[in-house]
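Participant: Here is a sequence with its predicted model. Questions after.
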Amino acid sequence: AVIGHFNSGCSLPASEVYHQAGIVQITPASTNPQVTERGFNQTFRLCGRDDQQGDVSAKFAFDSLELSKVAVIHNKTAYGQGIAEVFRKTFEAKGGNVSLFDGLASEEMDFRATISAIQKSGAQAVFFGGMYNQGGPFYNQLRQAGFKGAFLGGDGIYDGELIKTVGAKADSVFITFGPDFMATESAKPFLAAYKAKFGQDAGGYAIYGYDAANILLEAIQKAGTTDADKVSQTLRSQSWKGLTGDAEFDAKGDLKKANYVIWTIREGAFAVR
């Protein structure tokens with residue numbers, strides 16, 4: 001079996017190989033809907049989907065921030081473009097205007113041309129579908145160019161490196177991610193063990209990877225075999241307890257319930273808004 005992968009761009013092609021080989025896969029972090037939409041019986045995920053979090057982010061932008069015009073930029077990957085398209089669809093369905101929809105190469109770090117187009121479009125805010133290593137510099141260059149609107153993104157920018165890049169006082173950053181499981185009493189032993197082992201605090205998805213591994217091992221034990229079909233049937237047969245709460249998989253391998261919330265940066269750390 002495989003715990004992984006992190007990015008949808010990796011999980012999508014890899015899952016085809018695992019499917020052909022009869023290997024169970026549980027990804028703790030790949031959110032592109034197509035990961036579980038192809039009928040692969042042995043593919044699971046312990047996180048939500050882009051069509052869930054993109055929807056949450058767009059509704060938050062329109063309803064809570066009362067934005068009417070947003071620029072949507074993505075990194076041209078399965079993850080980034082996928083969540084960006086869901087955001088655009090939901091935001092426009094609510095009556096909002098996507099003044100610019102554009103893609104950047106995932107290695108691009110000079111955003112001057114894109115920022116100029118954003119400013120010319122009259123956007124009040126920017127939604128970025130991409131990863132933290134690009135999102136941080138993008139945010140900084142937006143502020144340096146005088147853009148003061150909100151900066152929204154998906155779980156791909158939820159990482160401590162983002163805060164290191166944008167600074168502890170970064171304003172109006174809004175990210176979709178799961179509830180704050182890291183603050184629960186049950187997570188404390190894991191977090192302490194992680195820091196002792198690796199010399200740093202656990203990242204946002206470490207706890208999801210930990211749960212995925214434990215759920216898989218328990219399913220193998222209960223199935224009494226490592227046969228992929230039987231383990232997959234067992235995974236779908238019941239609710240599983242983890243540090244991220246109870247998890248139940250539907251017929252596709254998705255969680256029956258995924259609770260995305262809005263996070264921001266407050267006092268130098270991520271905090272639920």
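Facilitator: That came through, no problem. Numbering: from 1, shown residues only.

Participant: Enumerate every residue touching Val35.
Facilitator: Taking CB atoms under 8 Å, 6 or more residues apart in numbering, we find Val35 in contact with 8, 11-12, 15, 27, 43, 45. To be clear about C-beta, it is placed using only N, CA and C from the backbone, and glycine gets the same treatment.

Participant: again with Asp50
Facilitator: 31-33, 79, 82-83, 86, 154.

Participant: residue contacts, Glu267?
Facilitator: Glu267 sits next to Ala168 when contact means CB under 8 Å, 6+ apart.

Participant: Need the contacts of Asp50 in TSV (columns: secondary structure and neighbour count).
Facilitator: Supplementary listing: these in TSV, determined by DSSP: H, G, I helix; E, B strand; the rest coil; neighbours: other CB atoms under 10 Å:
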residue	secondary structure	neighbour count
Thr31	coil	28
Asn32	coil	24
Pro33	helix	18
Tyr79	helix	29
Gly82	helix	24
Ile83	helix	34
Val86	helix	23
Gly154	coil	31
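
Participant: follow-up on the earlier one: inside strands: which ones of the contacts of Val35?
Facilitator: Secondary structure from DSSP state E places 27, 43, 45 of the contacts of Val35 in strands.

Participant: Contact partners for the last one?
Facilitator: Listed by CB under 8 Å, 6+ apart, the contact partners of Arg45 are 26-28, 30-31, 35-36, 253-255.

Participant: Closest to Thr264 out of those residues?
Facilitator: Looking at the contacts of Arg45 and their distance to Thr264, the nearest is Thr31, at 19.9 Å (CB to CB).

Participant: Wait, that closest one touches Asp155, no?
Facilitator: Yes - counting by CB atoms under 8 Å, Thr31 sits close enough to Asp155 to count as a contact (6.6 Å).

Participant: Find residues that contact each of the two.
Facilitator: Common contacts of Thr31 and Asp155 (CB under 8 Å, 6+ apart): 47, 53.

Participant: So Phe101 belongs to a helix, correct?
Facilitator: No - judged by DSSP: H, G, I helix; E, B strand; the rest coil, Phe101 forms no part of a helix; its state is strand.

Participant: Leaving out chain neighbours, which residue sits closest to it?
Facilitator: Spatial nearest neighbour of Phe101, excluding adjacent residues (CB to CB, 6 or more residues apart in numbering): Val72 at 4.9 Å.
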